[in-house]
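Student: For reference, the sequence and a predicted model appear below.
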Amino acid sequence: MNQIAYKTTSNFKITGLILTIGMLAFSSCERSSLSELVGEDDEIIDVVTYENTARAILDNACVECHNVNEQTAGVRLDAFEFAFIEADNGRMITRMTSTTNPMPPSGNLPDNLIEDIMDWIDDGILENEN
Ligand code: HEC
């Protein structure tokens, strides 16, 4: 009687162990294929810089009105040294997030682009990673 009870418990333990190993193997497999996908589709950026992120956004959304020939409101955003000033003094993000007086004047950019600029500022308003 005692021996049967012992055997039953031990079988449960082994079944449990096999299930656990199986689940661990499955989930780790799933995780690695997921990170491969992310790596393929979307470059993982550690530090957001002018060169790897902000420049493309400003060139697309701002530079047509804030460049060497057209320095609207005295603001230039067509090179790092000028973009730095507006990022550092807070006006860039104030106007990009303004609902009453947004930049660009045509309306706020998508949230993910505004967040990219916020990340750039949070990461120290760097030109590049060097
Ligand atoms: C279609 C033209 C146009 C575009 C595009 C544009 N701006 Fe402007 N910007 C203006 C004008 C006009 C003013 C001055 C009037 C005002 O402040 O609303 C201005 C003023 C500013 C100022 C000065 C605000 C202040 O406090 O004096 C900042 C900073 C600025 N823009 C940032 C940006 C940024 C950042 C972008 C892109 C996300 C951008 N602008 C895109 C036309 C533009």
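Tutor: That came in fine, so what should we check first?
Student: contacts, neighbours, all on C-alpha from now
Tutor: Noted.
Student: After the helix or strand of the chain with the lowest mean pLDDT, heading C-terminal, what element do we hit next?
Tutor: Of all helical and strand segments in the chain, the minimum by mean pLDDT, DSSP states H and E falls on helix 2-41, at a mean of 47. Toward the C-terminus, helix 2-41 is succeeded by helix 55-61 as the next helix or strand (DSSP states H and E).
Student: quick check, that following helix touching the ligand?
Tutor: Yes - Helix 55-61 lies within reach of the ligand by CA under 6 Å from any ligand atom, at Leu58, Ala61.
Student: can you list the residues of this protein near the ligand?
Tutor: Checking the chain against the ligand by CA under 6 Å from any ligand atom, the hits are 58, 61-62, 64-65, 72-73, 86, 91-92, 96, 103-105.
Student: Now restrict the residues you listed to buried residues only.
Tutor: Applying 16 or more other CA atoms under 10 Å to these, the neighbour count classes Leu58, Ala61, Cys62, Glu64, Cys65, Glu86, Met92, Met96, Met103, Pro104 as buried.
Student: and of the residues you listed, the nearest to Ile114?
Tutor: Using CA to CA, Met96 comes nearest to Ile114 of these, at 6.9 Å.
Student: quick one: that closest one and Ser106 touch, right?
Tutor: No - applying CA atoms under 8 Å as the test, Met96 and Ser106 come out as separate, 11.0 Å apart.
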